[in-house]
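Participant: coordinates for the following, if possible.
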Amino acid sequence: MCGILGICGFEDVSHELVSGLVAIQHRGQDSAGVLTYNDGRFHLHKGSGHVSQVFKKFDISKLCGNVGLAHVRYATIGSTEAMDAQPFAVNYPFGIAMVHNGNVINFVRLREVLNNQYHRMIETDNDVELLLYTFATYLQEKNLEQVGVEDLFETVEFVQEHVRGAYSCLTYIKGMGFLAFTDPYGIRPLIMGKRETEKGTQYIFTSETVVFDYLGYEYVRDLEAGEAVFIDSDNQVHSRILKHQKPAFCVFEYIYFAREDSVFKGRLVATERVRMGKALKARVEAAGVKPDIIIDVPNSAYFFASGLAEKMEVPYRRALAKNPFVGRSFITPSDELRKRVVRQKLNPIRDIVNGRKIAVVDDSIVRGTTSRHIVNLLKEYGAREVYFISASPAVKFPCIYGIDMSVKKELIAAGKTPEQVAEKLNCEKVIYQSVEGLRELYKDLPICDACFSGEYPTGITQEILDQIEDEKMKSDRC
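Facilitator: Purely as a prediction, here's the structure:
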């Protein structure tokens, strides 16, 4: 999972690109990068670490340009080193730069085709290289003297037909314009905005609407599944839905990954989390649980917990103090480091915890590292009983679309009952939302819930699952 941002128009975009990345820093902390185009060449700066670290000593004026791409990376597979940081660019044909968010699942086959048939050397483990080279390889077969919008849309369609998985891509083609496109299922978010200037309309594309709030842009719309939008050198907008399948928007965006002040498909994330929290009431009552208080795991679980507390008429309390200077444990590269981060991040408030039966609400239970540590901390601080409640169903299947849950044996719920998970977590009960309950909440929005149900919208083979797991195990995130 990553965060992407692209701006094109009539004003220098370099400072906005860097500032915009800060708004979506939560989507990736491994690396950051910005590329702009000006005076006939690309200008690029990228490196490992947070946005503030990568650009702390860099003169941003060196990135001056009226069009650019930016990226924050969370490496689900491959290296977290700077060479894998985005954006990527090639100088032929024209000069093409690209960023992407998602995960390519047929990467083994694509590497073979690009290397053996088209003699492209793949230098990194980053999927954007496969997307970029597939795009460039098809485009270079066109009559380059007369390439137009139709040729670009045909090229995107070729990519959609041959690259399987989840991807939202932003591309700049030198001398031609700015291109945004999504995979045929629209699994990953991509949102278009604009701002009127004295010289004309400036357009923006990004992973989350919170960037518009930061930079002063107006929301236009979410891109559809399989859609491409091209803004030509005259600033004219062309759009077309190309290879389109039944949409399957990643529901984990609402559950965990996105900021609560972002909006997808007309739905505010904070509101969706409250809805999910309220929907947990029936599950909690069916389990026979009667907590004294309901608490959240900061910060993403607040809205779930407050919604459940309101619906059950049980007091909500903030019982876990959070150190704001420690990052998200879920996107920490290794299990050992994850444990250390959790210990540094959360500390119970004894007077709230002591002697009470506590329902702890979290967005999900993935590996169980954080959950187990929280349960043990609460009991250490005097909790009488602890019930762990997940706003999402049990994560039983690998995510192959870009969230760091690609190894089945790491998933605590895989092959286990809630009772067995509760024993692992050392708590009295574990309560999950059901897959059916989640789907009822989104009956009017087609979602991807493959990590809960095992139903992959793109289809999957055991061979590809094994390849993805093997790639993850060889990466430096294990």
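
Participant: surely Arg273 is in contact with Tyr254?
Facilitator: Yes: at 7.0 Å, Arg273 counts as touching Tyr254 under the criterion of CB atoms under 8 Å. In short, each C-beta sits where N, CA and C put it, glycine included.

Participant: higher neighbour count, those two?
Facilitator: Tyr254 (30 against 25; other CB atoms under 10 Å).

Participant: return the distance of the more buried one relative to Val156.
Facilitator: 27 Å (CB to CB, to the nearest Å).

Participant: what do you get for Val18?
Facilitator: 28 Å.

Participant: okay, the two: which has more neighbours?
Facilitator: With neighbours defined as other CB under 10 Å, Val18 and Val156 compare such that Val156 has more, 26 against 22.

Participant: quick one: that one is in a helix?
Facilitator: Yes: assessed with DSSP: H, G, I helix; E, B strand; the rest coil, Val156 lies in a helix.

Participant: give me the low-pLDDT residue ranges for the protein?
Facilitator: Counting by pLDDT under 70, the chain shows low-confidence ranges at 76-80, 326-343, 474-478.

Participant: mind giving me the domain split of it?
Facilitator: Following automatic domain parsing, the chain resolves into domains at 3-248, 268-456.

Participant: minimum distance to Met473: which of the ones you listed has it?
Facilitator: domain 268-456 (6.7 Å; CB to CB).

Participant: from start to finish, how long is the closest one in a straight line?
Facilitator: 25 Å (CA to CA, to the nearest Å).

Participant: repeat for stretch 220-237
Facilitator: End-to-end span of stretch 220-237 (CA to CA): 12 Å.

Participant: so Val34 is in which element?
Facilitator: Using DSSP states H and E, the element containing Val34 is strand 31-38.

Participant: counting by contacts, list what that strand packs against.
Facilitator: helix 14-23, strand 41-48, helix 51-55, strand 67-73, strand 96-104 (3 or more CB pairs under 8 Å, 6 or more residues apart in numbering; DSSP states H and E).

Participant: just say which of the ones you listed is most tucked in.
Facilitator: Most buried of those by mean neighbour count (mean count of other CB atoms under 10 Å) is strand 67-73; its value is a mean of 29.

Participant: show me where the stretch 251-400 of the chain has helices.
Facilitator: Taking DSSP state H, counting those that start in this stretch, the helices of the stretch 251-400 of the chain run over residues 252, 269-279, 281-286, 302-312, 335-345, 350-353, 369-380.

Participant: how far is the shortest one from where the chain is centred?
Facilitator: Translated: helix 252. Offset of helix 252 from its chain centre (CA atoms, centre = their mean, to the nearest Å): 8 Å.

Participant: swap in the last one?
Facilitator: Offset of helix 369-380 from its chain centre (CA atoms, centre = their mean): 27 Å.

Participant: which parts of that helix are buried?
Facilitator: Residues of helix 369-380 classed as buried by neighbour count (16 or more other CB atoms under 10 Å): Thr369, Thr370, Ser371, Arg372, His373, Ile374, Val375, Leu377, Leu378, Lys379.

Participant: which of the residues you listed lies closest to Arg317?
Facilitator: Among the buried residues of helix 369-380, Leu378 lies closest to Arg317 (CB to CB), at 12.0 Å.

Participant: hang on, the earlier thing: adding distance to Asp261, write the helices of the stretch 251-400 of the chain out as CSV.
Facilitator: CSV is the format used below for the helices of the stretch 251-400 of the chain (distance: least, CB to CB, whole Å):
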stretch, distance to Asp261
helix 252, 17
helix 269-279, 7
helix 281-286, 25
helix 302-312, 11
helix 335-345, 21
helix 350-353, 27
helix 369-380, 23
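
Participant: and those helices: which comes nearest Cys451?
Facilitator: Cys451 sits nearest to helix 252 of all the helices of the stretch 251-400 of the chain, at 7.0 Å, using CB to CB.

Participant: now do the residue nearest to Gly68 when sequence neighbours are not counted against Cys8, distance only.
Facilitator: The shortest distance from Gly68 to any non-neighbouring residue, by CB to CB, 6 or more residues apart in numbering, is to Thr36 (3.7 Å). For Thr36, the distance to Cys8 equals 10 Å [CB to CB].

Participant: now do the shared contacts for those two.
Facilitator: Taking CB atoms under 8 Å, 6 or more residues apart in numbering as the contact criterion, the common neighbours of Thr36 and Cys8 are Val67, Gly68.

Participant: checking Ala89 next. Helix, strand or coil?
Facilitator: Applying three-state DSSP: Ala89 is strand.
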